[in-house]
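**Student:** Sharing a sequence plus its predicted fold:
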Amino acid sequence: MTKIDIFSGFLGAGKTTLIKKLIDESFKGEKLVLIENEFGEIGIDGGFLKDAGINITEMNSGCICCSLVGDFGAALKKVLRDYRPDRILIEPSGVGKLSDVMKAVENVHEHALALNSYTAVVDVNRCKMYMKNFGEFFCDQIRYAKCIVLSHTGGAKEEKIAECVKLLREQNAEAAIVSTPWDQLSGTQFLEAIEGASTINRVLEELKEEDACPVCGHSHKHDHEHDHCHEHSHEHHHEHCRHDGEQKHECCHGHEQEHEHCHGHHHHGHHHADEVFQSFGTETTKQFSKDELVSMLSQFNNEEKFGVILRAKGIVPEKDGSWLHFDYVPGTPDVREGAADITGRICVIGAGIKDGEIRKLFGLDE
Ligand SMILES: Nc1nc2c(ncn2[C@@H]2O[C@H](COP(=O)(O)OP(=O)(O)OP(=O)(O)O)[C@@H](O)[C@H]2O)c(=O)[nH]1
């Protein structure tokens, strides 16, 4: 039997970091395969896990929820056939909906696969903001998780953590919530929390009851009562669900959803990730200094100029011949020395992002 463990979480929440910790501390001796579904064409994360001897299947060209659903099933079956792993770890893109990924797994109907855990990683400092601005995606990850792991609790104030837990509890009354800084927990403690069975049956039943589209696996009817995310009793109406393969999305076009007051909008559709978020990705040979990069990333809080930048990451050559790795989540640039790559890469993700300004910022056209 191959266990499937899903690690969802919004952009930059810490999914890869958590997976790495579990591989190092909890999955010793197990045969693992990681399936990553990155948003954007430029893959940045794969390197270190490949070095650790983990087989990685990257799916960078679409989201698991819709256009890839057939491919996803085929990929899972192929992984099963080729490797017979003990576990398949799935890291959906930060803007993937956990319910969609779970449904895609369920739709594979393979006896040798067992959905074992589905976790959401939540950055304690950005929970409130993401819930308010990107609730459709963020709250889905919270609602369906069996375990919610808070990240960045190390430097956070007690009140901030308590506020975050309260918001999460409004969405999900049953999930185990891990609020202890990660370095204080052993891999075994993590695994016990992640694999805990308390909610698994309820969530799976709930998913089965929903009216899933046979092609994309999307649910077209929800009846959740949520205090904060305001997706009260909404229904999707598919007037002409297209399955003809002509459209970018094979399904779910043209439906309207009546949200009473979901994060400030009165009438808005059920969205695919790429209707809301965009990514900018490039390879580059341009060299940077650490200070330059920190100052560039710090400018990303200028929404008017760049759009809403939610995540940036990259690996670029430094002027002195070494290499710099960087990460950005709103308000926090992180630049450090790291291993060389075959070429430089930069990836930026956000809503309404302005490619021209990003190119200018990094001096990519000089
Ligand atoms: N201080 C601190 N940093 C963290 C923590 N978790 C993750 N990070 C850092 O946050 C950044 C993003 O972490 P990742 O693990 O790449 O996040 P991700 O969810 O895989 O991000 P995506 O690539 O957007 O899917 C990295 O620089 C991590 O080192 C945490 O608990 N505390």
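**Tutor:** That came through, no problem.
**Student:** Get me the contact residues on the stretch 1-150 of the chain for the ligand.
**Tutor:** When proximity is defined as Cβ under 6 Å from any ligand atom, the stretch 1-150 of the chain approaches the ligand at 9, 11-17, 45, 94. (C-beta placed from N, C-alpha, C; glycine too.)
**Student:** Tell me which residue in the stretch 101-250 of the chain sits closest to the ligand.
**Tutor:** residue 151 (3.7 Å; Cβ to the nearest ligand atom).
**Student:** Quick check: phi and psi on that residue?
**Tutor:** Note on residue 151: backbone dihedrals following degrees, to the nearest 10 are phi -110, psi 170.
**Student:** and if you look at residue 296?
**Tutor:** phi -60, psi -50.
**Student:** The nearest residue to it once chain neighbours are set aside: how many residues sit nearby?
**Tutor:** Excluding its sequence neighbours, the residue lying closest to residue 296 (Cβ to Cβ, 6 or more residues apart in numbering) is residue 361, at 5.4 Å. Counted with other Cβ atoms under 10 Å, the neighbours of residue 361 add up to 18.
**Student:** just residue 1 next, same as before
**Tutor:** Applying other Cβ under 10 Å, I find that residue 1 has 8 neighbouring residues.
**Student:** got the contact list for it?
**Tutor:** Residues near residue 1 by Cβ atoms under 8 Å, 6 or more residues apart in numbering: 112-114.
**Student:** Return the members of these classed as buried.
**Tutor:** Taking 16 or more other Cβ atoms under 10 Å as the criterion, what is buried in the contacts of residue 1 is residue 113.
**Student:** any idea which of the contacts of residue 1 is closest to residue 35?
**Tutor:** Distance to residue 35, by Cβ to Cβ, is smallest for residue 113 among those, at 12.2 Å.
**Student:** Mind jotting down where the strands sit in the stretch 101-250 of the chain?
**Tutor:** Ranges of strands in the stretch 101-250 of the chain, per DSSP state E, counting those that start in this stretch, are 113-123, 147-151, 176-178, 236-237.
**Student:** Can you add distance to residue 73 and give these back as CSV?
**Tutor:** What follows is those, written out as CSV (distance: least, Cβ to Cβ, whole Å):
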stretch, distance to residue 73
strand 113-123, 10
strand 147-151, 25
strand 176-178, 29
strand 236-237, 23
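**Student:** Please identify the deepest-packed of those.
**Tutor:** strand 147-151 (a mean of 25; mean count of other Cβ atoms under 10 Å).
**Student:** what's next to that one, contact-wise?
**Tutor:** Contacts for strand 147-151 (Cβ under 8 Å, 6+ apart): 9, 13-14, 17-18, 117-124, 142, 161, 164-165, 168, 172, 175-179, 182, 190, 193-194, 196.
**Student:** Just the angle for that strand relative to strand 113-123, thanks.
**Tutor:** Computed by axes from the mean of the first three to the mean of the last three Cα atoms, to 10 degrees, the angle separating strand 147-151 from strand 113-123 equals 30 degrees.
**Student:** coming back round to it: let me have the strands of the stretch 101-250 of the chain in a markdown table, extended by mean pLDDT and distance to residue 299.
**Tutor:** Shown next, in a markdown table, are the strands of the stretch 101-250 of the chain (pLDDT from 0 to 100; distance: least, Cβ to Cβ, whole Å):
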| stretch | mean pLDDT | distance to residue 299 |
| --- | --- | --- |
| strand 113-123 | 95 | 21 |
| strand 147-151 | 97 | 25 |
| strand 176-178 | 95 | 34 |
| strand 236-237 | 34 | 39 |
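**Student:** Out of those, which is closest to residue 35?
**Tutor:** Comparing the strands of the stretch 101-250 of the chain by Cβ to Cβ, strand 113-123 comes nearest, at 12.2 Å.
**Student:** Where does residue 34 sit, in terms of helix or strand?
**Tutor:** strand 32-36 (DSSP states H and E).
**Student:** Nearest residue to the residue nearest the centre of the chain in space, please, no chain neighbours.
**Tutor:** With distances taken as Cα atoms, centre = their mean, residue 94 lies nearest the centre of the chain, 2.0 Å away. Excluding its sequence neighbours, the residue lying closest to residue 94 (Cβ to Cβ, 6+ apart) is residue 11, at 3.5 Å.
**Student:** quick check, the one you found in a strand?
**Tutor:** No: applying DSSP: H, G, I helix; E, B strand; the rest coil, one finds residue 11 to be coil, outside a strand.
**Student:** what number of residues lie near it?
**Tutor:** 26.
**Student:** Distance check, the residue lying farthest from the centre of the chain against residue 289.
**Tutor:** Distance from the C-alpha centroid of the chain, by Cα atoms, centre = their mean, peaks at residue 320 (34.3 Å). Taking Cβ to Cβ, to the nearest Å as the criterion, residue 320 is separated from residue 289 by 8 Å.
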